[in-house]
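Participant: I would like to see how this sequence folds:
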Amino acid sequence: MAAPNIINSTSVLGKRAYTLLSTSTANVIINGETSGNLVKVSELTITNVTASAIFTNVAVGRGSSIYFMAGTLQVPANSVMVLVSRDNAFYMEEGDYLQGNISSNSSGYMAVSYEVTS
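Facilitator: All right, here's what the predicted structure looks like:
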């Protein structure tokens, strides 16, 4: 697991991931252990598409350790919660993964804007 040197990068690709969350924790972005890439997450939102409040968990994993960015965070009915914006973007090193779940199946989406630097 390494942190690639940004100065010596050969490409930066902008990407966007959309995931319908469920009660089972799912990986949304995976930066492989030998990818040679650095992933910068610049925006992460959770959208509640129901008439009731929902709860979400969002975490970054590194090896067998999980680091919660949001633990049982309430998202009000029919609203969008911004967890990450350009003001508080973060990097994922090789081997890191971003995952999430929600309290009620098919009630919320996660949208993530990110850059892959290699």
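Participant: alpha carbons only for contacts and neighbour counts from here, please
Facilitator: Noted.
Participant: Show me the strands in the chain, by range?
Facilitator: Taking DSSP state E, the strands of the chain run over residues 12-20, 26-30, 38-48, 54-62, 65-75, 80-84, 90-92, 96-102, 108-117.
Participant: center of the chain, which residue is that?
Facilitator: By Cα atoms, centre = their mean, the chain has its centre lying nearest to residue 98, at 4.4 Å.
Participant: Quick check: closest non-adjacent residue to that residue.
Facilitator: residue 60 (4.6 Å; Cα to Cα, 6 or more residues apart in numbering).
Participant: wait, residue 106 sits on residue 19?
Facilitator: No. Counting by Cα atoms under 8 Å, residue 19 is not a contact partner of residue 106; they are 10.1 Å apart.
Participant: and stretch 51-60, average pLDDT?
Facilitator: The pLDDT scores in stretch 51-60 average 98.
Participant: tell me which residues of it are tucked away?
Facilitator: Buried residues in stretch 51-60, counted by 16 or more other Cα atoms under 10 Å: 53-60.
Participant: List the contacts of it.
Facilitator: By Cα atoms under 8 Å, 6 or more residues apart in numbering, the surrounding residues in contact with stretch 51-60 are 48, 66-78, 96-104, 107-108.
Participant: repeat that with 7 Å
Facilitator: 48, 66-78, 96-104 (Cα atoms under 7 Å, 6 or more residues apart in numbering).
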